[in-house]
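>>> got a predicted structure plus its sequence, pasted below:
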Amino acid sequence: MDKVGNALEEVLSKALSQRSITIGVYEAAKLLNVDPDNVVLCLLAADEEDNQDVALQIHFTLIQAFCCENDINILRVSNPSRLADLLLLGATGGGEQPADLHCILVTNPHASQWKDPALSQLICFCRESRYMDQWVPVINLPER
């Protein structure tokens with residue numbers, strides 16, 4: 001499981017540097033509506049407190065359904081604070097926190113086909129999880 005967490009960290013780092021990342025539930029929904037074919041990974045992040053937010057869970061359900069219908073790999077991250085650390089350090093140098101880190105999309109850059117071993121590892125993990133009837137696998141990012 002640590003390998004998957006490390007692969008996710010690497011994918012997010014590269015996506016930030018290539019500007020192929022969309023952060024936020026509403027921004028993600030807009031992108032999924034306009035260009036779902038370029039989305040390679042959807043991350044849903046929630047902690048125990050967020051699991052009690054009915055509106056957020058409805059958004060998650062709709063996003064999950066859309067991603068399943070469009071063959072987009074989905075992962076659920078159980079420690080959004082670590083995810084925020086990763087994204088903030090890359091995006092803003094540790095400054096202001098974006099308002100919504102509950103949904104993150106990684107897109108395939110148009111300039112080149114993204115042949116990344118870390119992304120391939122994540123896609124394989126998602127595929128193997130689906131074979132075991134776990135449609136939205138939950139991972140825990142390693143603390144640093």
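Yep, it's here. Numbers count the residues shown, from 1 in each chain.
>>> what's the burial count for Val4?
Counted with other Cβ atoms under 10 Å, residues neighbouring Val4 total 21. Just so you know, the C-beta spots here come from the backbone N, C-alpha and C atoms, and that holds for glycine as well.
>>> surely it touches Leu119?
No - the pair Val4 / Leu119 is not scored as a contact, 11.7 Å apart, by Cβ atoms under 8 Å.
>>> tell me which residue is most central in the chain.
When the chain is reduced to its mean C-alpha position, the closest residue under Cα atoms, centre = their mean turns out to be Leu43, at 2.1 Å.
>>> how close does the nearest residue in space to that one that is not next to it in sequence get to Leu16?
Nearest residue to Leu43 in three dimensions, chain neighbours excluded: Ile104, at 4.2 Å (Cβ to Cβ, 6 or more residues apart in numbering). The gap separating Ile104 from Leu16 is 10 Å, by Cβ to Cβ, to the nearest Å.
>>> what is in contact with those two at once?
Taking Cβ atoms under 8 Å, 6 or more residues apart in numbering as the contact rule, the neighbours common to Ile104 and Leu16 are Leu87.
>>> you'd agree the residue nearest to the centre of the chain is up against Leu75?
Yes - with contact defined as Cβ under 8 Å, Leu43 reaches Leu75; the gap is 5.4 Å.
>>> common neighbours of those two, please.
Overlap between the neighbourhoods of Leu43 and Leu75 consists of Leu8, taking contacts as Cβ under 8 Å, 6+ apart.
>>> tell me the helix or strand right after the biggest strand by length in the chain.
In the chain, assigned by DSSP state E, the strand with the most residues is strand 39-45. Next helix or strand after strand 39-45 toward the C-terminus (DSSP states H and E): helix 54-69.
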